[in-house]
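**Q** Predicted structure and sequence below. I'll ask about it afterward.
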Amino acid sequence: MTVANNDEMTPLQRARDEWEANTTPHPKIHRIISEYREEEFHKHEFRQFGQAIALLDWDKDRIVITKFETLQPGGSGATRLIEFLKTLADKYQIPLWGHARKYDPDPPTPKGHLLTKDELDIFYKKRGFELCPIDANTSDMWYIPKIPVK
C-alpha cells in the first residue's frame with residue numbers, strides 16, 4: 001500500500017485529515033423502527049470537538065453536515081464546532097452543506113433547551129450560512145468559503 005504525501009492529497013482529503021486530528025470518535029447507537037414495526041439499530045460515527053459532535057459526509061467537492069448535536073446546550077460548544085468547520089472550509093476552499101432540521105437526538109440526550117427550527121435557522125444565519133426553506137421543518141443550508149486575499 002502506498003501512502004500519498006500531502007502534496008498529492010486533494011483539499012478535501014487534507015481537510016478530513018485535519019478534522020480527524022482535532023476531533024475524537026463519539027459513536028452513537030441509532031434506533032430505527034422499520035415499516036414492519038421491527039426495531040433495528042446501527043451506529044452513527046459522530047466525532048467530538050469540544051462540547052459538540054458532528055456526523056459528516058465527505059462528498060466529492062464539499063463537506064456535508066449530516067447531523068450535528070451539542071452535548072451541553074447553551075455552552076457554546078455548537079458555535080465552536082461550526083466555527084472550526086468554517087475554518088476548514090476557508091483554509092481548503094471547500095463549501096459546507098447540509099440541512100437545518102430539528103431532530104430528537106439518540107440517547108444520551110443532552111439536558112437543557114434544544115433549539116427549535118426557527119432558532120436553528122437563526123443560529124446558522126448568524127454564523128454566515130445561507131438558508132433556503134424546503135418545508136416547515138427543513139432548510140437547505142450552505143457556507144461558501146471566503147476567497148483568500150493575495
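**A** Sure thing, it's come through.
**Q** element containing the residue most central in space within the chain, please.
**A** Nearest residue to the geometric centre of the chain (Cα atoms, centre = their mean): Ile65, 3.3 Å. Element membership of Ile65, judged by DSSP states H and E, is strand 63-70.
**Q** Could I get the buried residue list for that strand?
**A** Residues of strand 63-70 classed as buried: Ile63, Ile65, Lys67, Phe68, Glu69, Thr70 (neighbour count, 16 or more other Cβ atoms under 10 Å). (Each C-beta comes from the backbone N, C-alpha and C, glycine too.)
**Q** thinking again about what came up before, quick one, what contacts the residue nearest to the centre of the chain?
**A** By Cβ atoms under 8 Å, 6 or more residues apart in numbering, the contact set of Ile65 is Ala54, Leu55, Leu56, Leu85, Leu96, Trp97, Gly98, Met141.
**Q** So the second one belongs to a strand, correct?
**A** Yes - assessed with DSSP: H, G, I helix; E, B strand; the rest coil, Leu55 lies in a strand.
**Q** which ones are touching it?
**A** With Cβ under 8 Å, 6+ apart, Leu55 has these contacts: His44, Glu45, Phe46, Arg47, Ile65, Thr66, Lys67, Phe68.
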